[in-house]
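Engineer: Using only what follows, build the 3D model:
(one chain, ligands or ions: 1)
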Amino acid sequence: MPSHHIHEPLRPYAVPAFQDLVRILYFSAGITKRRAYPGGEIYFRAAACTGALYEIELYVVTGDLLGLDGGVYHFNPADVSLRLLRKGDFRRNLRQATAMEPAVADAPATIICTGTYWRNAWKYQARTYRHFGWDNGTLLANMLAISAASGLPAKIVLGFVDAEVNRLLDLDTRREVSLCLLPIGRTSENLLLAPRDAPVLGLEVIALSQREVEYPAMLEMHDASSLESEEEVAQWRGKQAVLPSSALAGEAVRLQPLPEEEQPRDTIEQVILRRGSTRRFDRAASITLAQLSTILDCATQGLPADFLDPPGVQLNDLYLIAHSVQELRPGAYFFQRDRNSLELLQGGDFRAEAYHLGLDQQLPAEACVDIFFLTDLHRILDRYGNRGYRAVQLEAGSIGGRMYLAAYSQCLGATGLTFFDDDVIEFFSPHAKGKSGIFLLAIGKPLKRKLH
Ligand SMILES: Cc1cc2nc3c(=O)[nH]c(=O)nc-3n(C[C@H](O)[C@H](O)[C@H](O)COP(=O)(O)O)c2cc1C
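Structural biologist: Numbering: from 1, shown residues only. Here you go, the predicted model:
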């Protein structure tokens, strides 16, 4: 694993200070780049996001910390500040809303991620609902990496009573909804107190547009995947995880991650500041099997989430189109996670197919490898109910976000991509028959611009 994954040892009681929280928030939702363009300036943030529209907001619910009084806060990336919404310790409200999820119950602070529909939907319409999971996921990958580098445990929590968390933040749920919780740190002061009253705040809100269009499909989907009571949350958390899927036996190549002494040494902050979605890949370049193995290895191991229990379970299956990976025959592959190998589905040059699958864009055709995330949604919905849909998207975004980091830690390039759902399934069939396309990431070497 690259050095930024070598963590400080977790302390038995790990309490973040204000500065630790700022570090986590800035290196996930903070503004890290500014680019001038003819009409003005575009701000880019630490994590990748569809259309650079940044529809995910972050809030913090905390007890008293070094440098920060207990309260409910909103993170404002523009000036890297926390704005107080409620004074006092409201963590007990989250303990109740999550039916005493242990990581939340013991956390000195919990970050809540929300999605604002219109910020993404003015461009992508109802597709925004998928983007919530993708874009929240890339943020989570950064937050988990920074937490780990700070010696602070963190866990993605998707089991909560939606209405209770939304009420705590006083969200207008036709416009903005809570998506997941990320408890940070661990403390012994686990007080079993009743939730506090959280009256309506009635804060003034600046309109995003003069007029907003509501996409009922998104509100319906969110409603249908909401959990309504603590009993339902506890039951949901107890659901058995989905078993890993097996593949047809074929020619397989074992992954060979970089040996310890060759792993990158940059800090996670350096990697995040370097990251930016690749706009052109060098078609003539190749990456090594060790580089690809390291990316797959780092990204797919030990994602801490309440819906991935027992650890090691993964909801998304990974399928690859390798164009130019040294020691790997060009072709379509299935990643056999339990055997740590890539199984050849079909050899061949599939650059033209990749161009089409990735929405007729050059990026997936010019990359060295394209990684497709597919899942059997029927099986997920059977086990996890409608909430499973959120879990699958969020997991994909988180693993995709980790792949971005693992690629950039090795000074490679990467970009998330949109794709033609049905054509992706057809391409990987019969192996992928019955599955659904969830996420796509292309990895390669950025094309160096010539200086004239
Ligand atoms: C899930 C996802 C899908 C994306 N799809 C595309 C795409 O289809 N085409 C493209 O050029 N960029 C795509 N991007 C890249 C975004 O445009 C990019 O992340 C955003 O502009 C922010 O820039 P940055 O990643 O360089 O910080 C995608 C990013 C993500 C996270």
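
Engineer: any idea how far residue 237 is from residue 84?
Structural biologist: Distance of residue 84 to residue 237, computed by C-beta to C-beta, to the nearest Å: 31 Å. (C-beta placed from N, C-alpha, C; glycine too.)

Engineer: ditto for residue 196
Structural biologist: Using C-beta to C-beta, residue 196 is found at 24 Å from residue 237.

Engineer: Looking at those two, which is more packed in?
Structural biologist: For residue 196 and residue 237, the more surrounded residue by other C-beta atoms under 10 Å is residue 237, and the numbers stand at 19 against 14.

Engineer: got the contact list for the more buried one?
Structural biologist: Residue 237 is in contact with 99, 101, 159, 306, 309, counting by C-beta atoms under 8 Å, 6 or more residues apart in numbering.

Engineer: per-residue confidence at it?
Structural biologist: The score at residue 237 is 92. That number is its pLDDT.

Engineer: State the mean pLDDT of stretch 434-447.
Structural biologist: Average pLDDT, stretch 434-447: 98.

Engineer: now do stretch 293-307
Structural biologist: On average, stretch 293-307 scores 95.

Engineer: Flag every buried residue along that stretch.
Structural biologist: 293-300, 303-307 (16 or more other C-beta atoms under 10 Å).

Engineer: which two from those residues end up farthest apart in space?
Structural biologist: 293 and 306 (28.6 Å; C-beta to C-beta).

Engineer: now whichever residue of the chain sits closest to the ligand: how far from residue 427?
Structural biologist: Residue of the chain nearest the ligand, by C-beta to the nearest ligand atom: residue 416 (2.6 Å). Note on residue 416: its distance to residue 427, by C-beta to C-beta, is 19 Å.

Engineer: and what of residue 267?
Structural biologist: 39 Å.

Engineer: More neighbours: which of these two?
Structural biologist: residue 427 (21 against 13).

Engineer: Might one say that that one is in contact with residue 348?
Structural biologist: No. The criterion here is C-beta atoms under 8 Å, and residue 427 misses it with residue 348 at 11.4 Å.

Engineer: list residues touching both of those two?
Structural biologist: Taking C-beta under 8 Å, 6+ apart as the criterion, residue 427 and residue 348 both touch residue 332.

Engineer: By neighbours, which of the contacts of residue 237 wins?
Structural biologist: residue 159 (26 neighbours).

Engineer: Isn't that one up against residue 235?
Structural biologist: No. Judged on C-beta under 8 Å, residue 159 makes no contact with residue 235 at a distance of 9.3 Å.

Engineer: Spit out the residues that contact those two alike.
Structural biologist: Residues touching both residue 159 and residue 235 (C-beta under 8 Å, 6+ apart): none.

Engineer: Doesn't residue 25 belong to a helix?
Structural biologist: Yes. Judged by DSSP: H, G, I helix; E, B strand; the rest coil, residue 25 forms part of a helix.

Engineer: Might you report the residue contacts of the residue nearest to it when sequence neighbours are not counted?
Structural biologist: Beyond its immediate neighbours in the sequence, the residue positioned closest to residue 25 (C-beta to C-beta, 6 or more residues apart in numbering) is residue 75, lying 4.9 Å away. For residue 75, the contacting residues are 25, 29, 57, 58, 59, 60, 81, 82, by C-beta under 8 Å, 6+ apart.

Engineer: What helix or strand is the residue minimising distance to the centre of the chain located in?
Structural biologist: When C-alpha atoms, centre = their mean is applied to the chain, the residue found nearest the centroid is residue 137 (1.3 Å). For residue 137, the host element (DSSP states H and E) is helix 128-149.

Engineer: now residue 82
Structural biologist: For residue 82, the host element (DSSP H and E) is strand 81-87.

Engineer: Return the distance of the helix or strand following that strand from the chain's centre.
Structural biologist: The helix or strand immediately downstream of strand 81-87 is helix 91-97, counting by DSSP H and E. Relative to its chain's centre, helix 91-97 lies at 24 Å (C-alpha atoms, centre = their mean, to the nearest Å).

Engineer: Now do the buried residues in the next helix or strand after helix 91-97.
Structural biologist: Note on helix 91-97: by DSSP H and E, the next helix or strand toward the C-terminus is helix 102-105. Neighbour-count burial for helix 102-105, counted by 16+ other C-beta under 10 Å, picks out 103, 104, 105.

Engineer: Just the C-alpha atoms of helix 102-105, please, in CSV.
Structural biologist: Extracted in CSV, the C-alpha atoms of helix 102-105 (Å, rounded to 0.1, in the frame of the first residue of the first chain):
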residue,chain,number,x,y,z
PRO,A,102,-21.6,2.0,17.8
ALA,A,103,-19.3,4.2,15.7
VAL,A,104,-21.8,7.1,16.0
ALA,A,105,-22.5,6.5,19.6
